[in-house]
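Chemist: Following is a predicted model, sequence given first.
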Amino acid sequence: MKNGISFQGYVPIRSEPSEASEMVSQVLFGETFRILESNGKWLLIALDFDSYQGWVRNESIQLAEPQNGAENKPEFDYRVVSYPFITVLDLKLTRQVILPAGSVLAGSAGKVFKIYNREFELLSEEGVINPGPDVDPEEVGKGLLSVPYMWGGRSGFGFDCSGLVQMLCRMMGIQVSRDSSRQSVPGTTINFMHEIMKGDLAFFDNAAGEIAHVGMVLDGGRILHSYNQVRIDRLDQQGIYNIEREEYTHKLRIIKRVVC
């Protein structure tokens with residue numbers, strides 16, 4: 001089975017092998033994946049990070065062929081971009097690459113990093129963090145406020161609700177699934193509002209009673225989520241109260257605590 005990697009800011013993952021098909025997720029810079037199947041110019045892939053599957057154009061990715069096994073594979077020792085975007089220099093092609101929040105950089109420190117024997121240089125180490133339990137999701141989220149909502153988005157160029165939560169959890173060293181319905185399965189249910197803590201995940205119903213929205217709980221009865229844009233709103237036992245619209249926009253279903 002062949003492996004691949006993205007050296008672009010992001011590559012759309014589509015539900016079918018067609019440009020007309022909806023974007024259901026994204027491969028971000030530095031993320032690796034397995035190639036499951038080919039169909040003309042399209043490849044069916046499964047991300048190594050969360051096993052999410054979908055179709056990408058073959059010219060948008062690179063085959064990952066390290067000379068020494070998994071050397072410099074980001075998943076084993078990596079940093080994550082936390083600013084909406086940063087700029088790096090591709091030392092092979094001597095050109096700049098814009099990397100959105102969520103991009104993965106090999107190594108725990110240093111301006112120059114190597115991914116599968118391809119070297120890149122950070123113009124600045126600001127906006128790049130080491131994932132772990134000490135990361136404050138509120139501080140990261142404040143830097144992402146007003147980033148637009150994008151269906152299938154999980155980067156600083158645009159987030160859907162579950163894409164934002166997945167990235168925040170990743171920065172905190174917590175692995176969660178890509179979609180909100182699956183994110184709601186693991187973890188411990190928090191039954192009382194006075195017991196919730198920063199970092200808990202709140203899930204919300206649609207009109208059909210299905211989980212269709214997710215956000216991350218902050219202190220002081222607030223929630224960080226992507227709804228039209230990345231924003232912070234009020235949270236109570238009823239749901240999300242939109243401060244600008246002065247109305248409830250989401251009905252609370254359940255709150256979960258997911259830890260490493």
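Modeler: Yep, that arrived. In this text, all values refer to a predicted model and were calculated from it rather than measured experimentally.
Chemist: Closest to the centroid, which residue in this protein?
Modeler: Among the residues of the chain, the one closest to the centroid is residue 167, at 3.3 Å (Cα atoms, centre = their mean).
Chemist: Report the contact partners of that residue.
Modeler: 80, 101, 102, 154, 155, 159 (Cβ atoms under 8 Å, 6 or more residues apart in numbering). All C-beta atoms are positioned from the backbone trio N, CA, C, and that covers glycine.
Chemist: Run through the neighbouring helices and strands of the longest strand seen in the chain.
Modeler: If each strand of the chain is counted by residues according to DSSP state E, the longest one is strand 247-257. Judged by 3 or more Cβ pairs under 8 Å, 6 or more residues apart in numbering; DSSP states H and E, the packing partners of strand 247-257 are strand 188-189, strand 201-205, strand 211-218, strand 239-242.
Chemist: okay, those in TSV with distance to residue 259 and mean pLDDT next?
Modeler: Shown next, in TSV, are the helices and strands packed on strand 247-257 (distance: least, Cβ to Cβ, whole Å; pLDDT from 0 to 100):
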stretch	distance to residue 259	mean pLDDT
strand 188-189	8	96
strand 201-205	11	97
strand 211-218	14	97
strand 239-242	24	96
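Chemist: got CSV for these, with distance to residue 248 too?
Modeler: Output for the helices and strands packed on strand 247-257, formatted as CSV (distance: least, Cβ to Cβ, whole Å):
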stretch, distance to residue 248
strand 188-189, 22
strand 201-205, 10
strand 211-218, 12
strand 239-242, 5
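Chemist: returning to that earlier point: please state the offset of the longest strand of the chain from the chain centre?
Modeler: 21 Å (Cα atoms, centre = their mean, to the nearest Å).
Chemist: which element follows the helix-or-strand element of the chain with minimal mean pLDDT toward the C-terminus?
Modeler: Least confident helix or strand of the chain, by mean pLDDT, DSSP states H and E, is strand 62-63 with a mean of 90. Using DSSP states H and E, the helix or strand that follows strand 62-63 in sequence is strand 78-81.
Chemist: Does the helix or strand following that following strand pack against any helices or strands, and if so which?
Modeler: Sequence-wise, the next helix or strand downstream of strand 78-81 (DSSP H and E) is strand 85-90. If contacts are counted by 3+ Cβ pairs under 8 Å, 6+ apart, strand 85-90 sits against strand 95-100, strand 118-122.
Chemist: Where does the prediction get shaky in the stretch 1-150 of the chain?
Modeler: 1, 65-76 (pLDDT under 70).
Chemist: picking that back up, host element of the residue nearest to the centre of the chain?
Modeler: With DSSP H and E as criterion, residue 167 is part of helix 161-171.
Chemist: What of residue 223?
Modeler: strand 222-227.
Chemist: who does that strand pair up with?
Modeler: Using DSSP bridges, the strands paired with strand 222-227 in its sheet are strand 211-218 (antiparallel), strand 229-235 (antiparallel).
Chemist: Figure out which of those is closest to residue 3.
Modeler: Nearest to residue 3, of all the strands paired with strand 222-227, is strand 211-218, at 29.9 Å by Cβ to Cβ.
Chemist: quick one, the closest one and strand 247-257 angle?
Modeler: If you take axes from the mean of the first three to the mean of the last three Cα atoms, to 10 degrees, strand 211-218 sits at 80 degrees to strand 247-257.
Chemist: what angle do strand 211-218 and strand 201-205 make?
Modeler: Going by the same axes, to 10 degrees, strand 211-218 makes 150 degrees with strand 201-205.
Chemist: Redo the contacts of residue 167 as TSV? Include distance to residue 199 and neighbour count.
Modeler: Listed next are the contacts of residue 167 as TSV, based on distance: Cβ to Cβ, whole Å; neighbours: other Cβ atoms under 10 Å:
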residue	distance to residue 199	neighbour count
80	16	22
101	18	27
102	18	29
154	18	29
155	21	25
159	17	29
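Chemist: Pull out the buried positions in stretch 145-162.
Modeler: Residues of stretch 145-162 classed as buried: 147, 149-150, 152-162 (neighbour count, 16 or more other Cβ atoms under 10 Å).
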